[in-house]
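S.K.: Make a model of this:
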Amino acid sequence: MTCVFLWLIVAEILLAHNQRSLAAQAMHELGNVQYHNSNLRQAYKWWCDAVDLILHMQDAVTGWRTSFQGVRCFNFSQCIKIYQKNLYVVEKYGVN
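M.R.: Numbering: from 1, shown residues only. Next comes the predicted model:
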(Lines give C-alpha, C1' and ligand atoms only; values in the text may rest on other atoms or scores of the structure.)
Protein backbone atom coordinates (compact mmCIF):
# COMPACT_ATOMS: atom_id res chain seq x y z
CA MET A 1 0.00 0.00 0.00
CA THR A 2 1.12 3.49 -0.71
CA CYS A 3 1.28 6.27 1.86
CA VAL A 4 -1.43 8.20 -0.01
CA PHE A 5 -3.80 5.25 0.14
CA LEU A 6 -3.22 4.83 3.87
CA TRP A 7 -3.94 8.51 4.60
CA LEU A 8 -7.09 8.25 2.48
CA ILE A 9 -8.29 5.29 4.55
CA VAL A 10 -7.50 7.12 7.79
CA ALA A 11 -9.48 10.18 6.67
CA GLU A 12 -12.48 8.06 5.65
CA ILE A 13 -12.48 6.14 8.94
CA LEU A 14 -12.31 9.36 10.94
CA LEU A 15 -15.18 10.87 8.97
CA ALA A 16 -17.22 7.70 9.47
CA HIS A 17 -16.71 8.08 13.24
CA ASN A 18 -17.61 11.80 13.11
CA GLN A 19 -14.09 12.89 14.08
CA ARG A 20 -14.14 15.99 11.90
CA SER A 21 -11.10 17.78 13.29
CA LEU A 22 -8.93 14.67 13.07
CA ALA A 23 -10.23 13.94 9.58
CA ALA A 24 -9.31 17.49 8.54
CA GLN A 25 -5.80 16.94 9.89
CA ALA A 26 -5.56 13.66 7.96
CA MET A 27 -6.72 15.43 4.79
CA HIS A 28 -4.12 18.12 5.35
CA GLU A 29 -1.42 15.47 5.71
CA LEU A 30 -2.70 13.78 2.58
CA GLY A 31 -2.24 17.11 0.80
CA ASN A 32 1.29 17.33 2.18
CA VAL A 33 2.10 13.83 0.88
CA GLN A 34 0.69 14.74 -2.54
CA TYR A 35 2.77 17.93 -2.54
CA HIS A 36 5.88 15.93 -1.68
CA ASN A 37 5.06 13.63 -4.63
CA SER A 38 4.92 16.73 -6.89
CA ASN A 39 1.20 16.28 -7.44
CA LEU A 40 0.21 19.90 -6.83
CA ARG A 41 -3.36 19.59 -8.12
CA GLN A 42 -4.18 16.78 -5.68
CA ALA A 43 -2.37 18.58 -2.85
CA TYR A 44 -4.49 21.68 -3.42
CA LYS A 45 -7.65 19.53 -3.56
CA TRP A 46 -6.95 17.86 -0.22
CA TRP A 47 -5.92 21.09 1.48
CA CYS A 48 -9.12 22.75 0.26
CA ASP A 49 -11.22 19.77 1.43
CA ALA A 50 -9.64 20.09 4.88
CA VAL A 51 -10.52 23.79 5.06
CA ASP A 52 -14.08 23.05 3.88
CA LEU A 53 -14.45 20.49 6.63
CA ILE A 54 -13.12 22.86 9.28
CA LEU A 55 -15.32 25.78 8.26
CA HIS A 56 -18.42 23.69 7.51
CA MET A 57 -18.86 25.22 4.07
CA GLN A 58 -18.39 24.21 0.48
CA ASP A 59 -15.57 25.80 -1.51
CA ALA A 60 -14.39 27.85 1.48
CA VAL A 61 -11.02 28.74 -0.01
CA THR A 62 -12.48 30.57 -2.99
CA GLY A 63 -15.82 31.58 -1.45
CA TRP A 64 -14.82 32.91 1.97
CA ARG A 65 -15.53 36.47 0.91
CA THR A 66 -19.25 35.71 0.56
CA SER A 67 -19.54 35.67 4.35
CA PHE A 68 -18.63 39.37 4.24
CA GLN A 69 -21.06 40.38 1.49
CA GLY A 70 -23.21 43.32 2.43
CA VAL A 71 -21.04 44.09 5.45
CA ARG A 72 -19.81 47.64 5.79
CA CYS A 73 -17.09 48.60 8.22
CA PHE A 74 -17.45 52.23 9.21
CA ASN A 75 -15.01 52.10 12.08
CA PHE A 76 -12.19 49.90 13.29
CA SER A 77 -14.06 48.36 16.25
CA GLN A 78 -16.94 47.31 13.99
CA CYS A 79 -14.52 45.59 11.60
CA ILE A 80 -12.83 43.79 14.50
CA LYS A 81 -16.20 42.42 15.68
CA ILE A 82 -17.00 41.09 12.22
CA TYR A 83 -13.63 39.38 11.89
CA GLN A 84 -13.88 37.95 15.41
CA LYS A 85 -17.26 36.46 14.57
CA ASN A 86 -15.79 34.69 11.54
CA LEU A 87 -12.66 33.72 13.45
CA TYR A 88 -14.83 32.00 16.06
CA VAL A 89 -15.78 29.41 13.42
CA VAL A 90 -12.10 28.66 12.80
CA GLU A 91 -11.31 28.50 16.52
CA LYS A 92 -13.88 25.71 16.91
CA TYR A 93 -11.66 23.61 14.62
CA GLY A 94 -10.23 21.58 17.50
CA VAL A 95 -13.66 20.72 18.86
CA ASN A 96 -15.73 17.91 17.36
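S.K.: name the helices or strands packed onto the helix or strand encompassing residue 49?
M.R.: Element membership of residue 49 [criterion: DSSP states H and E] is helix 40-55. Helix 40-55 sits against helix 20-36, helix 60-63, helix 76-91, with contacts defined as 3 or more C-beta pairs under 8 Å, 6 or more residues apart in numbering; DSSP states H and E. Backbone N, C-alpha and C define where each C-beta goes, glycine included.
S.K.: Select from the ones you listed the stretch with the lowest mean pLDDT.
M.R.: Lowest mean pLDDT within those: helix 76-91, at a mean of 66.
S.K.: Would you enumerate the residues in contact with residue 53?
M.R.: Going by C-beta atoms under 8 Å, 6 or more residues apart in numbering, residue 53 touches 20, 23, 24, 27.
S.K.: which of those residues tops the neighbour count?
M.R.: Most neighbours among these, by other C-beta atoms under 10 Å: residue 27, with 26 neighbours.
S.K.: Am I right that that one is in contact with residue 11?
M.R.: Yes: the criterion here is C-beta atoms under 8 Å, and residue 27 meets it with residue 11 at 5.3 Å.
S.K.: mind checking which helix or strand residue 38 is in?
M.R.: Going by DSSP H and E, residue 38 is not in any helix or strand.
S.K.: Phi and psi next, for it.
M.R.: With angles defined as degrees, to the nearest 10, residue 38 sits at phi 60, psi 30.
S.K.: Next, the contact list for the residue nearest to residue 49 when sequence neighbours are not counted, please.
M.R.: Spatial nearest neighbour of residue 49, excluding adjacent residues (C-beta to C-beta, 6 or more residues apart in numbering): residue 27 at 5.2 Å. Listed by C-beta under 8 Å, 6+ apart, the contact partners of residue 27 are 11, 46, 47, 49, 50, 53.
S.K.: Would you point out the most distant pair within the residues you listed?
M.R.: By the measure C-beta to C-beta, 11 and 47 form the most distant pair in the contacts of residue 27, at 12.6 Å.
S.K.: Give me the more crowded residue out of these two.
M.R.: Per other C-beta under 10 Å, whichever of residue 11 and residue 47 has more neighbours is residue 11, with 24 against 18.
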